[in-house]
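Asks: pasted the sequence and its predicted model underneath.
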Amino acid sequence: MRASECWHPSNLGTMGFAWLSSRTLHTGLKRMERFSRIIGTDFSYHLIDEPAGLRFVHDHGRGDDPVGQPMTDFTLSILLTMCRTNFGHELNATELELRRPLPANPAPWQDFFGCKVNFGAERDSFLLNRESVDMPLPSANIPLANTFDSILAEQMASFVDSDLLSRSKAYLLRELTSGTPSAQELASALGMSQRSFQRKLGELGLTYQKVLDETRHELARRYLDDQSKSVTEIAFLLGFSEQSAFTRAFRHWSGMSPSVYRGERLA
């Protein structure tokens, strides 16, 4: 749980930036719920509006597998840490429910979440009080949040989670705004070694670089059709550190510069 204190929302890429721009914790948590498939599909979570506040319910998706217990601890503590990043470090949960049995020392959970813990519960969840989740946040930037929502919606529509290519593109879509993931990082995210990942891509006639280029090219064309986005902004969204690098890459993909492509689309 203490490891989660080193977590920052920006680790989630576009999702994290949307979180940081949210008007309230309520809207931020709703946003996370809506776009959760971008983060992963092996687990699930949902929100429950209660008279006392908003409850975040997590299902690690591993049934009775004991490894699900630390995964739940980490997930719930990350979410509370993210809430504290936006709201303030004084924020505590008002109730914590955990399916894990009562440990010999429950103090770490009580200290971190700042509330009573119900061990042996039927679900894993924590509750935030109504006043806290509905309070306007000083970090809110609604126009920016709406921009990130559009990007997230595009990402959600761009993949089906069942095949390797789609899962690879989904990961790249999620991570590109934070930089370009390596083949090793992508393979690890998909739960396989880099060698197995490259072999499976080879069976499809693909390489990591080709998947990366295809993903960037598809997104670049979509973004260039949006006149509200500058070429510099698009370069950032695609994980390029400089506009010139994006321009060279786009020229390689399409035989023309981003500006020429955009001009032809408008003609």
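Replies: Structure received.
Asks: tell me where the stretch 101-250 of the chain has helices.
Replies: All helices of the stretch 101-250 of the chain, identified by DSSP state H, counting those that start in this stretch, fall at 107-113, 130-134, 142-157, 164-175, 183-189, 194-203, 208-224, 231-237, 243-254.
Asks: hmm, who's touching the first one?
Replies: Contacts of helix 107-113 with the rest of the structure, by CB atoms under 8 Å, 6 or more residues apart in numbering, involve 1-2, 73, 76-77, 80, 92-93, 96, 98, 103, 116-117, 126. Using the backbone N, CA and C atoms, a C-beta is placed for each residue, glycine as well.
Asks: same question for the last one.
Replies: With contact meaning CB under 8 Å, 6+ apart, helix 243-254 is reached by 213, 216-217, 220, 231-232, 234-235, 238, 240, 256-258, 261.
Asks: for those residues, which one is nearest Ala183?
Replies: Using CB to CB, Asp213 comes nearest to Ala183 of the contacts of helix 243-254, at 13.0 Å.
Asks: what about the nearest residue to the closest one once chain neighbours are set aside, neighbour count?
Replies: What sits nearest to Asp213 in space, not counting adjacent residues and going by CB to CB, 6 or more residues apart in numbering, is Trp253, at 6.5 Å. When neighbours are counted by other CB atoms under 10 Å, Trp253 registers 16.
Asks: tabulate the helices of the stretch 101-250 of the chain (CSV), appending mean pLDDT and distance to Pro9.
Replies: Formatted as CSV, the helices of the stretch 101-250 of the chain follow (pLDDT from 0 to 100; distance: least, CB to CB, whole Å):
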stretch, mean pLDDT, distance to Pro9
helix 107-113, 94, 18
helix 130-134, 94, 16
helix 142-157, 85, 11
helix 164-175, 84, 13
helix 183-189, 90, 18
helix 194-203, 89, 28
helix 208-224, 91, 22
helix 231-237, 91, 17
helix 243-254, 94, 25
